[in-house]
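1. Okay, sequence plus prediction incoming.
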Amino acid sequence: MRLTVAPTPTLRFRRLRKSAALRALAQEHTLSVNDLIWPVFVRDGTNLREPIASMPGVERLSVDQVVKAAEEAAGLGIPAICLFPYTDPAKKTAGCEEAWNPDNLANRAIRAIKAAVPEIAVMTDVALDPYNAHGHDGLVQDGIILNDETVEALVKMSLAQAEAGADILGPSDMMDGRIGAMRAALEGAGYKDVAIMSYAAKYASAYYGPFRDAVGASGALKGDKKTYQMNPANSDEALRLIERDLTEGADMVMVKPGMPYLDIIHRVKTTFGAPTYAYQVSGEYAMIRAAALNGWIDGDRVMLESLMAFRRAGCDGVLTYFAPQAARAIRAGQV
Ligand SMILES: NCC(=O)CCC(=O)O
(Lines give C-alpha, C1' and ligand atoms only; values in the text may rest on other atoms or scores of the structure.)
Protein backbone atom coordinates (compact mmCIF):
# COMPACT_ATOMS: atom_id res chain seq x y z
CA MET A 1 0.00 0.00 0.00
CA ARG A 2 1.23 3.51 -0.83
CA LEU A 3 0.36 6.10 1.83
CA THR A 4 -0.04 9.55 0.30
CA VAL A 5 0.66 12.38 2.64
CA ALA A 6 0.54 16.05 1.69
CA PRO A 7 1.75 18.86 3.93
CA THR A 8 -0.64 20.83 6.16
CA PRO A 9 -2.84 22.66 5.25
CA THR A 10 -3.34 20.74 1.97
CA LEU A 11 -4.01 17.73 4.11
CA ARG A 12 -5.52 18.14 7.54
CA PHE A 13 -6.21 14.77 9.16
CA ARG A 14 -8.60 16.47 11.59
CA ARG A 15 -11.09 17.18 8.75
CA LEU A 16 -12.24 13.56 8.81
CA ARG A 17 -12.45 13.52 12.59
CA LYS A 18 -14.70 16.58 12.80
CA SER A 19 -18.02 14.81 13.40
CA ALA A 20 -19.36 11.37 14.23
CA ALA A 21 -20.65 11.10 10.66
CA LEU A 22 -17.26 11.78 9.08
CA ARG A 23 -15.50 9.54 11.59
CA ALA A 24 -17.92 6.75 10.68
CA LEU A 25 -17.21 7.20 6.97
CA ALA A 26 -13.46 7.08 7.55
CA GLN A 27 -13.54 4.09 9.93
CA GLU A 28 -11.32 1.28 8.62
CA HIS A 29 -12.37 -1.66 10.83
CA THR A 30 -15.53 -2.80 12.55
CA LEU A 31 -16.45 -4.99 15.49
CA SER A 32 -19.68 -6.93 15.36
CA VAL A 33 -21.37 -9.68 17.37
CA ASN A 34 -20.49 -11.99 14.46
CA ASP A 35 -16.86 -11.74 15.57
CA LEU A 36 -17.41 -13.29 19.00
CA ILE A 37 -16.95 -16.82 20.32
CA TRP A 38 -17.89 -17.30 23.97
CA PRO A 39 -15.81 -19.78 26.05
CA VAL A 40 -17.85 -21.24 28.94
CA PHE A 41 -16.97 -23.60 31.78
CA VAL A 42 -19.14 -26.65 32.37
CA ARG A 43 -19.46 -28.62 35.61
CA ASP A 44 -21.55 -31.52 36.84
CA GLY A 45 -24.80 -31.03 38.71
CA THR A 46 -28.10 -29.30 38.16
CA ASN A 47 -29.04 -25.66 38.39
CA LEU A 48 -25.53 -24.67 39.47
CA ARG A 49 -23.68 -21.46 38.72
CA GLU A 50 -20.39 -21.35 40.58
CA PRO A 51 -18.32 -18.15 40.54
CA ILE A 52 -14.61 -18.36 39.64
CA ALA A 53 -12.64 -16.18 42.05
CA SER A 54 -9.86 -15.21 39.65
CA MET A 55 -12.32 -14.40 36.83
CA PRO A 56 -14.96 -12.11 38.36
CA GLY A 57 -18.17 -12.31 36.33
CA VAL A 58 -17.38 -15.79 34.94
CA GLU A 59 -19.04 -18.90 36.39
CA ARG A 60 -18.89 -22.67 36.03
CA LEU A 61 -22.29 -23.79 34.82
CA SER A 62 -24.11 -27.10 35.10
CA VAL A 63 -25.33 -28.46 31.76
CA ASP A 64 -28.87 -27.05 32.16
CA GLN A 65 -27.36 -23.62 32.82
CA VAL A 66 -25.00 -23.95 29.86
CA VAL A 67 -28.07 -24.46 27.70
CA LYS A 68 -29.48 -21.22 29.15
CA ALA A 69 -26.18 -19.50 28.36
CA ALA A 70 -26.33 -20.80 24.78
CA GLU A 71 -29.89 -19.46 24.47
CA GLU A 72 -28.71 -16.10 25.78
CA ALA A 73 -25.77 -16.09 23.36
CA ALA A 74 -27.95 -16.99 20.38
CA GLY A 75 -30.40 -14.26 21.40
CA LEU A 76 -27.57 -11.75 21.36
CA GLY A 77 -26.44 -12.96 17.92
CA ILE A 78 -23.19 -14.58 19.12
CA PRO A 79 -22.43 -17.28 16.52
CA ALA A 80 -20.51 -19.78 18.66
CA ILE A 81 -19.98 -21.03 22.19
CA CYS A 82 -16.90 -23.02 23.24
CA LEU A 83 -17.07 -25.59 26.04
CA PHE A 84 -14.44 -26.28 28.71
CA PRO A 85 -15.25 -29.02 31.23
CA TYR A 86 -14.40 -28.98 34.92
CA THR A 87 -13.86 -32.70 35.31
CA ASP A 88 -14.62 -34.51 38.56
CA PRO A 89 -11.17 -35.44 40.01
CA ALA A 90 -12.42 -39.03 40.47
CA LYS A 91 -12.67 -39.33 36.67
CA LYS A 92 -9.08 -38.24 36.01
CA THR A 93 -6.79 -41.13 35.05
CA ALA A 94 -3.26 -41.52 33.66
CA GLY A 95 -4.76 -42.88 30.42
CA CYS A 96 -7.31 -40.00 30.19
CA GLU A 97 -10.06 -42.44 29.13
CA GLU A 98 -12.81 -40.03 30.18
CA ALA A 99 -11.76 -37.77 27.28
CA TRP A 100 -13.46 -40.02 24.72
CA ASN A 101 -16.35 -41.22 26.88
CA PRO A 102 -19.41 -40.45 24.70
CA ASP A 103 -21.25 -39.40 27.88
CA ASN A 104 -18.58 -37.23 29.44
CA LEU A 105 -19.53 -33.77 30.63
CA ALA A 106 -18.44 -31.97 27.46
CA ASN A 107 -20.28 -34.40 25.18
CA ARG A 108 -23.45 -34.20 27.28
CA ALA A 109 -23.29 -30.42 27.10
CA ILE A 110 -22.81 -30.51 23.30
CA ARG A 111 -25.88 -32.71 22.91
CA ALA A 112 -28.00 -30.59 25.25
CA ILE A 113 -27.08 -27.36 23.45
CA LYS A 114 -27.61 -28.78 19.97
CA ALA A 115 -31.03 -30.13 21.04
CA ALA A 116 -32.17 -26.81 22.52
CA VAL A 117 -30.36 -24.18 20.41
CA PRO A 118 -29.39 -25.86 17.13
CA GLU A 119 -28.54 -22.55 15.47
CA ILE A 120 -25.55 -21.79 17.68
CA ALA A 121 -22.24 -23.36 16.66
CA VAL A 122 -20.65 -25.45 19.38
CA MET A 123 -16.86 -25.51 19.60
CA THR A 124 -14.95 -27.97 21.78
CA ASP A 125 -11.58 -28.30 23.43
CA VAL A 126 -9.46 -31.21 22.21
CA ALA A 127 -6.69 -31.81 24.73
CA LEU A 128 -6.11 -34.21 27.60
CA ASP A 129 -5.41 -31.80 30.47
CA PRO A 130 -8.94 -31.90 31.95
CA TYR A 131 -8.73 -35.70 32.15
CA ASN A 132 -5.55 -36.41 34.09
CA ALA A 133 -4.14 -35.45 37.46
CA HIS A 134 -0.84 -34.00 36.18
CA GLY A 135 -2.40 -31.18 34.14
CA HIS A 136 -0.54 -31.87 30.88
CA ASP A 137 -2.24 -31.77 27.48
CA GLY A 138 -0.86 -35.17 26.54
CA LEU A 139 -0.12 -38.64 27.88
CA VAL A 140 2.96 -38.71 30.08
CA GLN A 141 5.55 -41.43 30.53
CA ASP A 142 8.57 -40.96 32.80
CA GLY A 143 8.03 -37.22 32.74
CA ILE A 144 7.95 -37.06 28.91
CA ILE A 145 4.84 -35.84 27.09
CA LEU A 146 4.25 -38.52 24.46
CA ASN A 147 3.41 -37.08 21.05
CA ASP A 148 2.13 -39.86 18.81
CA GLU A 149 0.29 -41.78 21.54
CA THR A 150 -1.41 -38.52 22.51
CA VAL A 151 -2.46 -37.91 18.91
CA GLU A 152 -4.18 -41.31 18.89
CA ALA A 153 -6.08 -40.36 22.05
CA LEU A 154 -7.02 -36.97 20.58
CA VAL A 155 -8.44 -38.68 17.51
CA LYS A 156 -10.72 -40.81 19.72
CA MET A 157 -11.73 -37.69 21.62
CA SER A 158 -12.47 -35.81 18.37
CA LEU A 159 -14.68 -38.59 17.03
CA ALA A 160 -16.68 -38.67 20.27
CA GLN A 161 -17.20 -34.89 20.08
CA ALA A 162 -18.18 -35.05 16.41
CA GLU A 163 -20.63 -37.83 17.23
CA ALA A 164 -22.12 -35.66 20.00
CA GLY A 165 -22.77 -32.93 17.42
CA ALA A 166 -19.85 -30.50 17.73
CA ASP A 167 -19.53 -28.02 14.86
CA ILE A 168 -15.93 -26.92 15.45
CA LEU A 169 -13.21 -28.98 17.12
CA GLY A 170 -10.52 -26.96 18.88
CA PRO A 171 -7.31 -28.94 19.36
CA SER A 172 -5.43 -26.92 21.98
CA ASP A 173 -2.77 -29.51 22.77
CA MET A 174 0.09 -28.49 20.42
CA MET A 175 1.16 -32.05 19.61
CA ASP A 176 2.71 -32.48 16.16
CA GLY A 177 0.57 -34.13 13.49
CA ARG A 178 -2.77 -34.03 15.28
CA ILE A 179 -4.59 -31.96 12.67
CA GLY A 180 -3.83 -34.41 9.86
CA ALA A 181 -4.77 -37.39 12.03
CA MET A 182 -8.03 -35.78 13.17
CA ARG A 183 -8.96 -34.72 9.64
CA ALA A 184 -8.36 -38.20 8.23
CA ALA A 185 -10.39 -39.80 11.02
CA LEU A 186 -13.27 -37.35 10.62
CA GLU A 187 -13.40 -37.94 6.86
CA GLY A 188 -13.17 -41.69 7.38
CA ALA A 189 -16.06 -41.68 9.85
CA GLY A 190 -18.29 -39.52 7.67
CA TYR A 191 -17.96 -36.29 9.66
CA LYS A 192 -16.97 -34.35 6.56
CA ASP A 193 -18.48 -31.05 7.67
CA VAL A 194 -16.96 -30.84 11.13
CA ALA A 195 -14.57 -27.89 11.15
CA ILE A 196 -11.22 -27.78 12.92
CA MET A 197 -9.95 -24.58 14.50
CA SER A 198 -6.34 -25.33 15.26
CA TYR A 199 -4.72 -23.71 18.26
CA ALA A 200 -1.79 -23.50 15.89
CA ALA A 201 0.31 -20.83 17.55
CA LYS A 202 -0.25 -21.38 21.26
CA TYR A 203 2.42 -19.91 23.47
CA ALA A 204 3.67 -21.24 26.81
CA SER A 205 2.20 -18.24 28.57
CA ALA A 206 1.75 -17.00 32.11
CA TYR A 207 -1.60 -15.51 31.09
CA TYR A 208 -3.45 -18.83 31.51
CA GLY A 209 -3.39 -18.79 35.35
CA PRO A 210 -7.08 -18.01 36.03
CA PHE A 211 -8.21 -20.60 33.42
CA ARG A 212 -6.41 -23.30 35.37
CA ASP A 213 -8.40 -22.27 38.47
CA ALA A 214 -11.57 -22.40 36.39
CA VAL A 215 -11.02 -25.98 35.19
CA GLY A 216 -9.59 -27.16 38.51
CA ALA A 217 -6.06 -27.65 37.18
CA SER A 218 -4.14 -25.07 39.22
CA GLY A 219 -1.56 -26.53 41.47
CA ALA A 220 -1.88 -29.82 39.57
CA LEU A 221 0.49 -29.03 36.74
CA LYS A 222 3.78 -30.84 37.16
CA GLY A 223 6.53 -28.82 35.47
CA ASP A 224 5.56 -26.57 32.60
CA LYS A 225 4.28 -26.88 29.02
CA LYS A 226 7.39 -25.59 27.27
CA THR A 227 8.14 -28.82 25.40
CA TYR A 228 4.94 -28.47 23.38
CA GLN A 229 3.71 -24.87 23.60
CA MET A 230 5.66 -22.11 21.86
CA ASN A 231 8.45 -19.96 23.18
CA PRO A 232 7.06 -16.40 23.58
CA ALA A 233 10.25 -15.11 21.94
CA ASN A 234 9.42 -16.75 18.58
CA SER A 235 7.41 -15.49 15.65
CA ASP A 236 8.69 -17.17 12.43
CA GLU A 237 7.92 -20.50 14.10
CA ALA A 238 4.27 -19.43 14.43
CA LEU A 239 4.03 -19.01 10.66
CA ARG A 240 5.53 -22.43 10.08
CA LEU A 241 3.05 -24.00 12.50
CA ILE A 242 0.11 -22.22 10.88
CA GLU A 243 1.21 -23.33 7.42
CA ARG A 244 1.67 -26.91 8.64
CA ASP A 245 -1.79 -27.01 10.26
CA LEU A 246 -3.52 -25.46 7.22
CA THR A 247 -1.82 -28.03 5.02
CA GLU A 248 -2.98 -30.85 7.32
CA GLY A 249 -6.60 -29.73 7.11
CA ALA A 250 -7.31 -26.99 9.64
CA ASP A 251 -10.20 -24.78 8.49
CA MET A 252 -9.45 -21.99 10.95
CA VAL A 253 -6.32 -21.07 12.85
CA MET A 254 -5.82 -19.46 16.21
CA VAL A 255 -3.15 -17.42 17.95
CA LYS A 256 -3.15 -17.59 21.74
CA PRO A 257 -2.90 -15.55 23.98
CA GLY A 258 -4.29 -12.51 22.18
CA MET A 259 -3.23 -8.98 23.02
CA PRO A 260 0.45 -9.71 23.74
CA TYR A 261 0.64 -11.46 20.34
CA LEU A 262 -1.05 -9.00 17.96
CA ASP A 263 2.11 -8.94 15.85
CA ILE A 264 1.74 -12.68 15.26
CA ILE A 265 -1.93 -12.33 14.31
CA HIS A 266 -1.03 -9.66 11.79
CA ARG A 267 1.71 -11.75 10.22
CA VAL A 268 -0.55 -14.82 10.06
CA LYS A 269 -3.41 -12.98 8.40
CA THR A 270 -1.27 -11.13 5.88
CA THR A 271 0.74 -14.26 5.01
CA PHE A 272 -2.04 -16.84 4.65
CA GLY A 273 -5.34 -14.96 4.43
CA ALA A 274 -6.97 -17.90 6.22
CA PRO A 275 -9.80 -17.55 8.76
CA THR A 276 -7.78 -16.30 11.74
CA TYR A 277 -8.84 -16.09 15.40
CA ALA A 278 -7.35 -14.99 18.68
CA TYR A 279 -8.04 -16.22 22.17
CA GLN A 280 -8.27 -13.35 24.62
CA VAL A 281 -7.28 -15.61 27.49
CA SER A 282 -8.22 -15.68 31.15
CA GLY A 283 -5.30 -13.53 32.32
CA GLU A 284 -6.18 -10.84 29.80
CA TYR A 285 -9.81 -10.96 30.95
CA ALA A 286 -8.82 -10.87 34.62
CA MET A 287 -6.54 -7.85 34.17
CA ILE A 288 -9.24 -5.79 32.48
CA ARG A 289 -11.96 -6.89 34.92
CA ALA A 290 -9.83 -6.32 38.01
CA ALA A 291 -8.86 -2.82 36.95
CA ALA A 292 -12.48 -2.04 36.04
CA LEU A 293 -13.79 -3.37 39.37
CA ASN A 294 -11.29 -1.13 41.14
CA GLY A 295 -12.56 1.86 39.19
CA TRP A 296 -9.15 2.36 37.57
CA ILE A 297 -10.38 2.02 33.98
CA ASP A 298 -13.69 2.20 32.15
CA GLY A 299 -14.25 -1.57 31.80
CA ASP A 300 -16.61 -1.47 28.82
CA ARG A 301 -14.51 0.95 26.81
CA VAL A 302 -11.27 -0.93 27.46
CA MET A 303 -12.96 -4.23 26.59
CA LEU A 304 -14.27 -2.88 23.29
CA GLU A 305 -10.93 -1.25 22.44
CA SER A 306 -9.15 -4.55 23.12
CA LEU A 307 -11.57 -6.42 20.83
CA MET A 308 -11.22 -3.83 18.08
CA ALA A 309 -7.44 -4.27 18.32
CA PHE A 310 -7.89 -7.92 17.32
CA ARG A 311 -9.94 -6.91 14.31
CA ARG A 312 -7.37 -4.28 13.31
CA ALA A 313 -4.58 -6.85 13.61
CA GLY A 314 -6.41 -9.15 11.18
CA CYS A 315 -8.66 -11.44 13.24
CA ASP A 316 -11.89 -12.74 11.78
CA GLY A 317 -13.08 -13.47 15.30
CA VAL A 318 -12.09 -13.61 18.96
CA LEU A 319 -12.69 -16.11 21.72
CA THR A 320 -13.43 -13.90 24.69
CA TYR A 321 -14.99 -14.33 28.12
CA PHE A 322 -16.41 -10.85 27.51
CA ALA A 323 -18.58 -12.12 24.62
CA PRO A 324 -22.07 -11.48 26.13
CA GLN A 325 -20.99 -8.18 27.67
CA ALA A 326 -19.38 -7.13 24.39
CA ALA A 327 -22.46 -8.20 22.40
CA ARG A 328 -24.69 -6.09 24.63
CA ALA A 329 -22.39 -3.09 24.28
CA ILE A 330 -22.20 -3.52 20.49
CA ARG A 331 -25.97 -3.82 20.22
CA ALA A 332 -26.35 -0.71 22.36
CA GLY A 333 -24.26 1.14 19.80
CA GLN A 334 -21.20 1.68 22.01
CA VAL A 335 -18.82 0.76 19.16
N1 LIG B 1 -7.18 -24.64 26.09
C2 LIG B 1 -7.85 -23.48 26.51
C3 LIG B 1 -7.01 -22.63 27.37
O4 LIG B 1 -5.91 -23.00 27.74
C5 LIG B 1 -7.56 -21.28 27.76
C6 LIG B 1 -6.59 -20.44 28.45
C7 LIG B 1 -7.13 -19.21 29.12
O8 LIG B 1 -8.24 -18.72 28.92
O9 LIG B 1 -6.35 -18.70 29.91
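-> Thanks, I have it. Residues are numbered from 1 along each chain as shown.

2. give me the element residue 75 is part of.
-> Taking DSSP states H and E as the criterion, residue 75 maps to helix 63-76.

3. Which SSE is immediately downstream of that helix?
-> Going down the chain from helix 63-76, the next helix or strand is strand 80-85, by DSSP H and E.

4. Which neighbouring elements make contact with that following strand?
-> strand 36-43, helix 63-76, helix 105-116, strand 121-123 (3 or more CB pairs under 8 Å, 6 or more residues apart in numbering; DSSP states H and E). From N, CA and C alone the C-beta is placed, and that goes for glycine too.

5. what sits up against it?
-> If you take CB atoms under 8 Å, 6 or more residues apart in numbering as the criterion, strand 80-85 is touched by 36-43, 66, 69-70, 73, 104-106, 109-110, 113, 120-125, 130, 167-168, 170, 211, 214-215, 319.

6. Also near the ligand: which of the residues you listed, exactly?
-> Of the residues in the contacts of strand 80-85, proximity to the ligand by CB under 6 Å from any ligand atom holds for 125, 211.

7. one step back: list the contacts of the helix holding residue 75.
-> 33, 38, 40, 42, 46-49, 61, 81, 83, 105, 108-109, 112-113, 116-117, 119-120, 122, 323-324, 327-328, 331.

8. Okay, now the unreliable bits of the stretch 201-335 of the chain?
-> The stretch 201-335 of the chain contains no residues with pLDDT under 70.

9. What residues does it have near the ligand?
-> The stretch 201-335 of the chain has residues 207-208, 211, 281-283 near the ligand, with proximity defined as CB under 6 Å from any ligand atom.

10. got the residues you listed as JSON lines, with secondary structure columns?
-> Output for these, formatted as JSON lines (DSSP: H, G, I helix; E, B strand; the rest coil):
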{"residue": "207", "secondary structure": "helix"}
{"residue": "208", "secondary structure": "helix"}
{"residue": "211", "secondary structure": "helix"}
{"residue": "281", "secondary structure": "coil"}
{"residue": "282", "secondary structure": "helix"}
{"residue": "283", "secondary structure": "helix"}
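
11. just checking, residue 199 touches residue 175?
-> No. Residue 199 lies out of contact with residue 175 (CB atoms under 8 Å); the separation is 10.7 Å.

12. A helix includes residue 134, no?
-> No. Going by three-state DSSP, the assignment for residue 134 is coil, not a helix.

13. any idea how far residue 299 lies from the ligand?
-> Using CB to the nearest ligand atom, to the nearest Å, residue 299 is found at 18 Å from the ligand.

14. what residues are up against that residue?
-> Contact partners of residue 299, counting by CB under 8 Å, 6+ apart, are 288-289, 291-293.

15. Going along the chain, name the helices of this protein.
-> Ranges of helices in the chain, per DSSP state H, are 20-26, 63-76, 105-116, 147-164, 178-188, 209-214, 236-248, 262-272, 282-293, 299-313, 323-331.

16. Could you export these as TSV, including distance to residue 3?
-> Rendered in TSV, the data for those read as follows (distance: least, CB to CB, whole Å):
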stretch	distance to residue 3
helix 20-26	14
helix 63-76	38
helix 105-116	47
helix 147-164	45
helix 178-188	38
helix 209-214	40
helix 236-248	25
helix 262-272	16
helix 282-293	31
helix 299-313	16
helix 323-331	30
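
17. Cool, thanks, signing off.
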